[in-house]
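Asks: Give me coordinates for this.
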Amino acid sequence: MQCAGKALEELLVSAESQECLTVGVYESAKVMNVDPDCVAFCVLATDEEYEGDIALQIHFTLIQAFCFDNGIDIVRVNDTQRLAEILGNTDESGEPKDVHCILVTNPSEDTFEDPALEKLSLFCEECRSFSEWVPAITLPER
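Replies: Below you'll find the model as predicted:
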């Protein structure tokens with residue numbers, strides 16, 4: 001699973017550089033509602049601090065259902081801090097912003113293509129063959 005973590009990191013960095021990321025639960029829900037066909041990949045992230053957050057878990061359930069219904073690959077990450085570091089997504093106080101849901105989206109006229117996305121799609125497909133519908137990925141350390 002370590003190579004999946006590396007592929008996810010590469011995908012996020014590449015998508016961010018091409019402005020093909022939507023970060024945040026509410027922002028992601030808006031994109032999914034307005035243009036579901038533009039979503040290429042979904043990452044749900046949590047950690048121990050948010051495990052008991054019922055509202056967040058309800059959002060996750062709805063996002064997962066949306067992804068399943070629309071054929072969007074989806075993974076879980078259990079380290080919001082590391083995810084925020086990869087995205088350079090911290091506020092002035094150093095606290096991570098809302099990285100609980102991240103969408104990789106297609107550019108307006110093209111399909112987002114990246115070797116890391118292909119690796120992750122194959123990883124998700126393999127996990128689904130073992131009835132693991134939302135596989136967990138561990139991100140590599142810095």
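Asks: Tell me the confidence at Gln81?
Replies: You'll see Gln81 listed with a pLDDT of 87.
Asks: repeat for Glu95
Replies: What the model reports for Glu95 is a pLDDT of 64.
Asks: now the one 4 residues further on
Replies: Val99 carries a pLDDT value of 92.
Asks: Check which helix or strand the closest residue in space to it that isn't next to it in sequence maps to.
Replies: Leaving aside its chain neighbours, Val99 sits nearest to Leu83 (4.7 Å; criterion: CB to CB, 6 or more residues apart in numbering). Backbone N, C-alpha and C define where each C-beta goes, glycine included. Using DSSP states H and E, Leu83 falls within helix 80-87.
Asks: what packs against the helix or strand just after that helix?
Replies: Next helix or strand after helix 80-87 toward the C-terminus (DSSP H and E): strand 101-105. On a contact count with 3 or more CB pairs under 8 Å, 6 or more residues apart in numbering; DSSP states H and E, strand 101-105 meets helix 2-17, strand 21-23, helix 25-34, strand 39-45, helix 54-70.
Asks: So for Glu126, which of these sits nearest?
Replies: When the helices and strands packed on strand 101-105 are compared by CB to CB, helix 2-17 sits nearest Glu126, at 9.7 Å.
Asks: Show which residues not belonging to the closest one make contact with it.
Replies: The set of residues external to helix 2-17 that reach it, using CB atoms under 8 Å, 6 or more residues apart in numbering, is 21, 41, 43, 75, 77, 83, 86-87, 102, 104-105, 112, 114-117, 119-120, 123, 135, 137-140.
Asks: quick one: it to helix 80-87, angle?
Replies: Interaxial angle, helix 2-17 versus helix 80-87 (axes from the mean of the first three to the mean of the last three CA atoms, to 10 degrees): 50 degrees.
Asks: Tell me how far helix 2-17 lies from the chain's centre.
Replies: Distance, stretch centre to chain centre, for helix 2-17: 10 Å (CA atoms, centre = their mean, to the nearest Å).
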